[in-house]
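Colleague: For reference, the sequence and a predicted model appear below.
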Amino acid sequence: MGNKYDTILIRYGELSTKGKNRKDFIKRLELNLKNALRNYPNLTYQRTFDRIYIKLTDENPDELKEIISKVFGISSFSFTEKVKSDLDVIKEACLNYAKSMNEPKTFKVITRRHDKSFPLNSDGINRAVASDILKNTNHKVDVHHPDFSIQIEVREEDTYITSEKIPGAGGYPTGINGKVLLLLSGGIDSPVAAYELMKRGLEVEAIHYASPPYTSENAKQKVLDLASLISVYQGSMRVNVVNFTDLQLEIYKAVGDSYAITIMRRMMFRIAERYAKAHNCLAIATGESIGQVASQTLESMSVINEVINIPVIRPLVCMDKLEIINLAKKINTYELSILPFEDCCTIFDPKNPVTKPKSDKCYELEERFDYESLIEQCMQNIDNIVVYSKEKKESFL
Ligand code: ATP
Ligand code: MG
């Protein structure tokens, strides 16, 4: 080991499903991995019942580690040395590894023996390897808090010797659970919602409402850049930019200050539902969180939700702002999200938005103008833009 890593061993995540689902999970994970690592054409892949092995040539392990740790569906992974399933060979490889550590340190050997025909059992292998290290180095055994551990997996053909277990991103392979349409703003919350959705195995397509010239080209570019940052988890993302100006101006003219946001959000939901149903998205999603702003009280959410008939996923609904901000920092979107560009909600920011809107009142206000044809106009005016994660050129979904 040391510099002799030749294989990456990938352990799967939440595999409670069996049969066909399990096969789909593994296949999808392999596909997502291959695409995440598409800039490394010399890697080769092998898929077994419970592992994926990636064979290395001369790639930089740190770069690979960075990329693999962002692929959903992996519980953990390790750089390993593959040797023949032969006790002497295994002992030698482990000793070389132990010698590569500064002495004296404490260590532990952990063996998993999948090949039951191997002459020694797990405990026997642990002892044989450990006593060889004790004899030839100044290291000491500490089974509770070792400075380093050596893990040995004995399979029929080959044995994998690995030191560090690197945590994976968890979740399900992105794309395996269908597609959702996320309402993506330029704020902090909705990019974090995208991350949570992808982690659940959902492919995310985005819809963004822009009101040019009240919202600038820069504000739109910010949303596309956020989409690109978050695309690192699924390769690419389609962002549908709706020209919302005429509808929004009519709303403000027709309904007045206090209900403007509520009606505007009802229109956003209506448009999103229509787009979702026409494009194979099984649900829509938002970055809403209870109580954060006037339109996110339960009363508001219920009145906004009542105009559509499609599931709405709100991954952040019970999270604190601080938790959301920490996640935004982790996924690298925070710095961009806080740049002060106007968005379509802030442009027409009403003084006294209603916090407990009434359903009857909404329908009554909506009768004052022909929103149907304005929605139709929006549907005809959608700009589809596909953004890619910075490292990659092509989509893999
Ligand atoms: P965010 O940080 O995601 O903007 P927020 O706390 O600012 O959220 P709101 O502005 O009320 O809250 O928006 C709530 C949700 O509505 C957003 O998370 C997003 O899903 C959606 N949304 C708001 N504005 C837009 C927009 N211009 N285009 C698309 N979706 C939007
Ligand atoms: Mg916002």
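Modeller: Now that the structure is in, tell me what you want to look at. Ligands and ions are numbered 1, 2, ... in the order given.
Colleague: contacts and neighbour counts: CA atoms only from here.
Modeller: Fine.
Colleague: Up against ligand 1, what does the chain have?
Modeller: Counting by Cα under 6 Å from any ligand atom, the chain comes close to ligand 1 at 183-190, 207-210, 286-288, 295, 343-344.
Colleague: Find the residue ranges of the stretch 151-300 of the chain scoring beneath the pLDDT cut-off.
Modeller: By pLDDT under 70, the low-scoring segments of the stretch 151-300 of the chain are 292, 294.
Colleague: ranges for the helices of it?
Modeller: With helices called from DSSP state H, counting those that start in this stretch, the stretch 151-300 of the chain shows them at 189-199, 217-230, 245-255, 257-278, 298-305.
Colleague: Now tabulate these in TSV and tack on mean neighbour count and distance to E81.
Modeller: Compiled in TSV, the helices of the stretch 151-300 of the chain are given as follows (neighbours: other Cα atoms under 10 Å; distance: least, Cα to Cα, whole Å):
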stretch	mean neighbour count	distance to E81
helix 189-199	25	30
helix 217-230	21	33
helix 245-255	18	59
helix 257-278	20	47
helix 298-305	19	54
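Colleague: Mind putting these into TSV with distance to D360?
Modeller: Below are the helices of the stretch 151-300 of the chain laid out as TSV (distance: least, Cα to Cα, whole Å):
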stretch	distance to D360
helix 189-199	29
helix 217-230	34
helix 245-255	13
helix 257-278	12
helix 298-305	9
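Colleague: Indicate which one of the ones you listed is closest to F118.
Modeller: Closest approach to F118 among the helices of the stretch 151-300 of the chain is made by helix 189-199 (38.9 Å; Cα to Cα).
Colleague: wait, what's in contact with L29?
Modeller: L29 makes contact with 72-73, 173-174, according to Cα atoms under 8 Å, 6 or more residues apart in numbering.
Colleague: tell me which element the residue of the chain most remote from its centre falls in.
Modeller: Using Cα atoms, centre = their mean, the residue of the chain lying farthest from its centre is K135. It sits 46.6 Å away. Assigned by DSSP states H and E, K135 belongs to helix 122-136.
Colleague: outside of that helix, which residues touch it?
Modeller: Residues contacting helix 122-136 (Cα under 8 Å, 6+ apart): 87, 90-91, 94-95, 98, 108-113, 139-141.
Colleague: same for the very next helix or strand once past it, what does it pack against?
Modeller: Following helix 122-136 in sequence order, the next helix or strand is strand 140-141 (DSSP H and E). Other helices and strands packing on strand 140-141, by 3 or more Cα pairs under 8 Å, 6 or more residues apart in numbering; DSSP states H and E, are strand 106-113, helix 122-136.
Colleague: In contact with S185, which residues are there?
Modeller: Here S185 is in contact with 208-209, 223, 343 (Cα under 8 Å, 6+ apart).
Colleague: try 10 Å this time
Modeller: 191, 206-210, 219-220, 222-224, 226-227, 286-287, 337, 343-345 (Cα atoms under 10 Å, 6 or more residues apart in numbering).
Colleague: Please compute how far whichever strand or helix holds L33 lies from its chain's middle.
Modeller: Using DSSP H and E, the element containing L33 is helix 19-36. Relative to its chain's centre, helix 19-36 lies at 15 Å (Cα atoms, centre = their mean, to the nearest Å).
Colleague: Using CSV, write out the CA atom coordinates for it.
Modeller: Provided in CSV are the C-alpha atoms of helix 19-36 (Å, rounded to 0.1, in the frame of the first residue of the first chain):
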residue,chain,number,x,y,z
GLY,A,19,-34.2,-8.0,-6.3
LYS,A,20,-34.7,-5.8,-9.3
ASN,A,21,-34.5,-2.6,-7.3
ARG,A,22,-31.1,-3.6,-6.0
LYS,A,23,-29.9,-4.3,-9.5
ASP,A,24,-31.1,-0.9,-10.7
PHE,A,25,-29.5,0.8,-7.7
ILE,A,26,-26.1,-0.8,-8.4
LYS,A,27,-26.3,-0.2,-12.2
ARG,A,28,-27.3,3.4,-11.7
LEU,A,29,-24.5,3.9,-9.2
GLU,A,30,-22.0,2.5,-11.6
LEU,A,31,-23.2,4.8,-14.4
ASN,A,32,-23.2,7.9,-12.1
LEU,A,33,-19.6,7.0,-11.0
LYS,A,34,-18.4,6.5,-14.5
ASN,A,35,-19.8,9.8,-15.5
ALA,A,36,-18.5,11.6,-12.4
